[in-house]
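J.: let's see this in three dimensions:
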Amino acid sequence: MKWRKSSYSGANGGACVELARVPGTRQVAVRDSKQPDGPQHRLSLTAMTGLITAIKNGDHDLRRS
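T.: Numbering: from 1, shown residues only. Have a look, this model is predicted:
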């Protein structure tokens with residue numbers, strides 16, 4: 001799989017996630033860039049699109065009380 005991470009992540013290897021299309025499927029794999037041999041979480045393209053939309057809409061923002 002060809003892993004990609006955000007261009008905003010910088011060169012210092014900070015806390016980033018990487019994404020890759022899973023060949024032969026309609027899935028996306030997600031992993032921690034600091035643990036490339038660690039676990040991968042797989043989501044359908046539909047679920048990934050929904051997650052990205054929700055994040056952009058602020059649905060998962062952590063709010064201080």
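
J.: please make it C-alpha for all contacts and neighbour counts, starting now.
T.: Fine.

J.: can you name the next helix or strand after the least confident helix or strand in the chain by mean pLDDT?
T.: Per-element confidence for the chain was summarised using mean pLDDT, DSSP states H and E. The lowest value among helices and strands belongs to strand 4-5, with a mean of 90. Per DSSP states H and E, the first helix or strand lying C-terminal to strand 4-5 is strand 17-22.

J.: please name every helix or strand in contact with that following strand.
T.: Counting contacts by 3 or more Cα pairs under 8 Å, 6 or more residues apart in numbering; DSSP states H and E, the secondary-structure elements packed against strand 17-22 are strand 4-5, strand 27-32.

J.: outside of the longest one itself, list whatever touches it.
T.: If you take Cα atoms under 8 Å, 6 or more residues apart in numbering as the criterion, strand 27-32 is touched by 15-22, 38-45, 48.

J.: redo that, cut-off 6 Å
T.: 17, 18, 19, 20, 21, 22, 40, 41, 42, 43, 44, 45 (Cα atoms under 6 Å, 6 or more residues apart in numbering).

J.: who does the third one bridge with?
T.: In this structure, residue 19 has beta-bridge partners residue 4, residue 30, where bridges are defined by DSSP bridges.

J.: could the C-alpha coordinates of stretch 57-64 be exported in CSV?
T.: Output in CSV follows, covering the C-alpha atoms of stretch 57-64 (Å, rounded to 0.1, in the frame of the first residue of the first chain):
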residue,chain,number,x,y,z
ASN,A,57,-18.1,20.4,10.4
GLY,A,58,-16.7,20.5,13.9
ASP,A,59,-18.8,17.5,15.1
HIS,A,60,-15.8,16.0,16.9
ASP,A,61,-14.3,19.1,18.4
LEU,A,62,-13.4,18.8,22.0
ARG,A,63,-15.0,21.6,23.9
ARG,A,64,-13.9,22.9,27.3
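
J.: give me the phi and psi for residue 42.
T.: Torsion angles at residue 42 (phi, psi; degrees, to the nearest 10) stand at phi -110, psi 140.

J.: for it, what are its contacts?
T.: The contact partners of residue 42, taken as Cα under 6 Å, 6+ apart, are 28, 29.
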